[in-house]
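**Student:** Would you be able to build a 3D model of this:
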Amino acid sequence: MKAIWLNYKSNWITIPVITTVGLALGFYIGKFYSFPLANSPKELGDFGGFIGGVIGTIVAIGAILFSIQTNQKQNKQFERQSFENVFFQMMTLYAQRKNNLESQHFSNLKGVIVFDAILKDLQTKTNGYLKPEDENIYKTLVWKIYKNDYKNELGVLVIQFTLTLKYIDKSNNKPETKRDFVDIFYSQFSLSEVELLFRLTKIDTELEKLFEKYPFIQKRTKIVEAT
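**Tutor:** Next comes the predicted model:
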């Protein structure tokens with residue numbers, strides 16, 4: 001018994017068997033202790049039937065509990081796999097849209113380099129309103145510039161960006177796991193894209209809240225250090 005106890009991790013079958021038999025015997029002794037020991041084959045057969053019935057019931061209950069636990073694990077695995085499939089599809093769609101990005105204001109540019117041109121234009125027009133007391137003016141100005149100049153180019157990307165963050169945020173994943181998926185999503189962004197999206201979060205309250213919850217911590221640190 002000592003060897004079994006010391007090696008219980010490698011004897012996961014032995015311990016439940018011994019426990020089940022022990023429970024059956026304990027139940028029998030507790031209920032029929034005052035009765036004399038069986039002498040006839042019939043009485044011994046009844047004893048065996050009783051023990052077998054108790055053990056069978058315990059095993060059946062254990063099997064049901066094990067089945068429930070297994071199903072719960074399988075459901076979680078399926079849910080996680082489904083989430084990852086949709087997430088990576090959303091990432092792919094975002095990347096495709098970004099790589100095919102064109103601008104009516106910068107007709108000679110295509111793809112991620114368009115972010116550089118739009119960011120420079122936005123910085124030129126808004127950098128004078130970055131003080132905390134000018135926040136409302138800044139938000140209004142960014143919205144007007146976006147609506148009048150760049151909504152056709154960036155509108156779908158902003159929607160995809162928002163939907164991806166919402167999809168991660170509404171999932172049943174743990175907070176640290178959500179942050180991991182956000183970091184995976186952000187890892188495909190250039191520094192110019194990060195800074196541009198950071199500014200564009202000011203155009204929508206819901207997007208701004210999501211961005212506050214899942215900020216571009218590392219990449220925006222690099223941008224600040226470089227400026």
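**Student:** Quickly list the domain ranges of this protein.
**Tutor:** 2-71, 100-226 (automatic domain parsing).
**Student:** In terms of mean pLDDT, which of these ranks lowest?
**Tutor:** Lowest mean pLDDT of these: domain 2-71, a mean of 60.
**Student:** ok, then the element right after the longest helix along the chain?
**Tutor:** Looking across the chain with DSSP state H, the single longest helix is helix 41-99. Once the chain leaves helix 41-99, the next helix or strand it forms, by DSSP states H and E, is helix 113-126.
**Student:** got the buried residues for the following helix or strand past that following helix?
**Tutor:** Following helix 113-126 in sequence order, the next helix or strand is helix 135-145 (DSSP H and E). The neighbour-count check on helix 135-145 (16 or more other CB atoms under 10 Å) flags 138-139, 141-142, 145 as buried. Every residue, glycine included, has its C-beta placed from N, CA and C.
**Student:** And residue 136, how close does it get to residue 172?
**Tutor:** 37 Å (CB to CB, to the nearest Å).
**Student:** One more: residue 110?
**Tutor:** For residue 110 relative to residue 172 (CB to CB), the value is 39 Å.
**Student:** Neighbour count for these two, which is higher?
**Tutor:** Using other CB atoms under 10 Å as the criterion, residue 110 and residue 172 rank with residue 110 on top: 13 against 10.
**Student:** Can you tell me the closest non-neighbouring residue to the more buried one?
**Tutor:** residue 102 (5.4 Å; CB to CB, 6 or more residues apart in numbering).
**Student:** surely that neighbour meets residue 114?
**Tutor:** Yes - with contacts counted by CB atoms under 8 Å, residue 102 reaches residue 114, the gap being 7.0 Å.
**Student:** Common neighbours of these two, please.
**Tutor:** residue 153 (CB atoms under 8 Å, 6 or more residues apart in numbering).
**Student:** Compare neighbour counts for these two and give me the winner.
**Tutor:** Neighbour totals were compared for residue 102 and residue 114, and residue 114 leads with 22 against 12 (other CB under 10 Å).
**Student:** Can you classify the most centrally placed residue in the chain by secondary structure?
**Tutor:** Nearest to the geometric centre of the chain sits residue 173, at 3.2 Å (CA atoms, centre = their mean). Look at residue 173: counting by DSSP: H, G, I helix; E, B strand; the rest coil, its state is coil.
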